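Participant: Pasting a predicted model and its sequence here:
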Amino acid sequence: MSAGTRAAVLGDPGTLSALHRVADVDPDLLLTDFADGSALPAHRLGETEVLLTGWGCPPLDAAALARMPRLRAVVHAAGSVKHHVTEACWERGLLVSSAAAANAVPVAEYTLAAILFANKRVLESAHLYRATRGHIDLLNRYPAIGNYRRTVGLVGASLIGRRVLELLRPFDLRVLVHDPYADPAELEAMGAEAAALDELLSRSDVVSLHAPALPQTHHLLDAPRLALMRDGATLVNTARGSLVDTAALTEELVAGRLHAVLDHTEPEVLPGTSPLFNLPNVLLTPHVAGSLGGELDRLAATAVEELERYALGLGFRYAVDPGRLAYSA
């Protein structure tokens, strides 16, 4: 992992203590380049049985694995492993664990807040109150706001999507889910209704994206699909900016027909001239939905728990299935 990742994820003394309890580890050693022989003595790599990885880990290709003949497992203290776990790892038969489930928690919490605030028109009314600095006739101005019996559409029954679905269960909301790989009966048991994407877009008051960035999901919401959304509906994107055609969404938002809560955009950092920064119907956040601050301790704790399971000869609780990587994050 990168030095910054180590400082952020492994900075808690309790985490380091737990790590020492379950593994023979030297926390002062940090590997950022598998090809750099000076970064870590060759004999140390040769002894390595488990890699604890994080953001900034270089690819574990065949050349890197050749330097680690005893390597048996990779425990990733973050979400997606696609950036560093290569086909060579699966050919070696390595066990791989990810803390994606732990990272899903704050993203789902952010999404829940965004959905409830969107239906309550919190952002719009706050802007109006700041501008008027006086009495607002809320009943006439917002006759249809509120969360009672509103419809929420989740695009993707991913780890995060399912967590959002769980968090939505106590509320009086109708929930639609679109995911071509999800079992409709399972979704129904979780309190949701399976729906085709176009149907979901046309029926939902809030649409929240939880699909992975894949070639088949690039600009999944293009101009024709955005046009299917109800007037006044809100789009929440905590997934990937590439899922949405930014130019088409910008037109809809500038026109005021739609609202948006965007933690991801394409490009990831919008140009300073983008009108989205100033629109009263848009909330832009700089990729804050994922684990930050104290939430990083949850990632580290999950990784340590997985290491302990490995040390005890148990299977990983959050094992990565290589067969699912083609259609997951």
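Facilitator: Cool, the structure landed.
Participant: Lowest average confidence across helices and strands of the chain, where is it?
Facilitator: Counting by mean pLDDT, DSSP states H and E, the chain has its least confident helix or strand at helix 42-47, which shows a mean of 80.
Participant: and Pro106, how far is that from Arg203?
Facilitator: Distance, Pro106 to Arg203, using C-beta to C-beta, to the nearest Å: 28 Å. Backbone N, C-alpha and C define where each C-beta goes, glycine included.
Participant: So these two - more neighbours on which side?
Facilitator: Neighbours per residue, other C-beta atoms under 10 Å: of Pro106 and Arg203, the larger number sits with Pro106, 22 against 19.
Participant: Compute the distance between the more buried one and Ile160, please.
Facilitator: Distance, Pro106 to Ile160, using C-beta to C-beta: 10 Å.
Participant: cool, Ala66 as well?
Facilitator: Ala66 sits 36 Å away from Ile160, going by C-beta to C-beta.
Participant: quick one, which of those two is more surrounded?
Facilitator: Looking at Ala66 and Ile160 with other C-beta under 10 Å, you find the greater number of neighbours at Ile160, namely 30 against 11.
Participant: now that one, what's its secondary structure?
Facilitator: helix (DSSP: H, G, I helix; E, B strand; the rest coil).
Participant: Give the buried residues for the least confident helix or strand of the chain.
Facilitator: By neighbour count on 16 or more other C-beta atoms under 10 Å, the buried set for helix 42-47 is Leu45.
Participant: Return it as CSV; C-alpha atoms alone will do.
Facilitator: Coordinates of each C-alpha in helix 42-47 appear next as CSV, following Å, rounded to 0.1, in the frame of the first residue of the first chain:
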residue,chain,number,x,y,z
ALA,A,42,14.6,-10.5,-1.1
HIS,A,43,14.5,-13.0,1.7
ARG,A,44,11.7,-11.2,3.4
LEU,A,45,9.6,-11.4,0.3
GLY,A,46,10.5,-15.1,0.0
GLU,A,47,9.1,-15.7,3.5
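Participant: Can you give the distance of it from its chain's centre?
Facilitator: Here the centre of helix 42-47 is set off from its chain's centre by 34 Å, with C-alpha atoms, centre = their mean, to the nearest Å.
Participant: Over to stretch 303-315?
Facilitator: Distance, stretch centre to chain centre, for stretch 303-315: 24 Å (C-alpha atoms, centre = their mean).
Participant: Report the buried residues of it.
Facilitator: Neighbour-count burial for stretch 303-315 [16+ other C-beta under 10 Å]: Ala303, Val304, Glu305, Glu306, Leu307, Arg309, Tyr310.
Participant: Once you drop chain neighbours, what's closest to the first one?
Facilitator: If you skip the residues right next to it in sequence, Ala303 has Ala77 as its closest partner in space, 3.9 Å away by C-beta to C-beta, 6 or more residues apart in numbering.
Participant: which residues touch the one you found?
Facilitator: Met1, Val9, Leu10, Leu52, Thr53, Gly54, Ala99, Leu299, Ala300, Thr302, Ala303 (C-beta atoms under 8 Å, 6 or more residues apart in numbering).
Participant: With Glu306 as the reference, measure out to it.
Facilitator: In terms of C-beta to C-beta, Ala77 sits 9 Å off from Glu306.
Participant: what do you get for Arg92?
Facilitator: Distance of Arg92 to Glu306, given as C-beta to C-beta: 19 Å.
Participant: Could you do Val9 as well?
Facilitator: For Val9, the distance to Glu306 (C-beta to C-beta) stands at 14 Å.
Participant: So what touches the least confident helix or strand of the chain?
Facilitator: Here helix 42-47 has contacts from Leu29, Leu31, Phe34, Arg67, Met68, Pro69, Arg70, using C-beta under 8 Å, 6+ apart.
Participant: Count residues in the vicinity of the second one, would you?
Facilitator: Put plainly, it is Leu31. Counted with other C-beta under 10 Å, residues neighbouring Leu31 total 17.
Participant: What backbone torsions are found at Val244?
Facilitator: The phi and psi values for Val244, taken as degrees, to the nearest 10, are phi -120, psi 140.
Participant: which residues does Val107 contact?
Facilitator: Contacts of Val107 (C-beta under 8 Å, 6+ apart): Ile160, Arg163, Thr238, Ala289, Gly290.
Participant: after the helix of greatest length in the chain comes which helix or strand?
Facilitator: In the chain, taking DSSP state H as the definition, the longest helix is helix 100-119. Scanning forward in sequence from helix 100-119 by DSSP states H and E, the next helix or strand is helix 122-132.
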